[in-house]
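Q: Here is my input, please return the structure:
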Amino acid sequence: MTDSSSNTQGMVSPTVFEYLQTKLDEDAQTREEIKNIVQSMERRDRITTSILSRAHSTPQRDRQYSYQINRKCYMLSGQAVRVALEEARESIRKQAQTIAKLNELASKHPYYKYNNLWSREMQNAVRY
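A: Have a look, this model is predicted:
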């Protein structure tokens, strides 16, 4: 005495699985987008570090020193240093644009869900 309606009541509706698959696909896509932005941040970080190391490795003769009230302040001069610092400024501006993209994407989701993907790179970016 089994009727067909009692068999379907014990089964889970296929729409539940379709919904879950859709959510998993959306999650995977968001993770991939965040990873791409973070990779861009990592590249920009390496570029900025490289540029700043050029500025720090400028020979002494290209530097000019200035003293103010018992404190030594570096007044860097020389064309090479000025160029390196301008390149660093531009690189940092580009990094800020990348961070804005991350903010736009990540702010649509709960913080705890994706912060492990970008938190370390944000710490690296803040040091500039």
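Q: C-alpha only now, for contacts and for neighbours.
A: Will do.
Q: I'd assumed Ser40 was in contact with Trp118.
A: No. Using CA atoms under 8 Å, Trp118 is not in contact with Ser40; the gap is 11.2 Å.
Q: need the strands for this protein, in chain order.
A: 63-68, 71-76 (DSSP state E).
Q: Quickly, which of those bottoms out on average pLDDT?
A: Lowest mean pLDDT within the strands of the chain: strand 63-68, at a mean of 44.
Q: For the residue nearest to Ala55 when sequence neighbours are not counted, the count of nearby residues, please.
A: Closest residue to Ala55 in three dimensions, ignoring its sequence neighbours and counting by CA to CA, 6 or more residues apart in numbering: Val81, at 5.2 Å. Applying other CA atoms under 10 Å, we find 21 residues neighbouring Val81.
Q: Go ahead and confirm Val81 touches Leu52.
A: No. Taking CA under 8 Å as the definition, Val81 is not a contact partner of Leu52, at 9.3 Å.
Q: and Leu52, how far is that from Pro14?
A: 57 Å (CA to CA, to the nearest Å).
Q: between the two, who's got more neighbours?
A: Leu52 (18 against 8).
Q: Can you list the residue ranges for helices in this structure?
A: Using DSSP state H, the helices of the chain run over 4-9, 14-56, 79-106, 111-126.
Q: how about those in JSON lines, adding mean pLDDT?
A: Formatted as JSON lines, the helices of the chain follow (pLDDT from 0 to 100):
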{"stretch": "helix 4-9", "mean pLDDT": "53"}
{"stretch": "helix 14-56", "mean pLDDT": "92"}
{"stretch": "helix 79-106", "mean pLDDT": "90"}
{"stretch": "helix 111-126", "mean pLDDT": "89"}
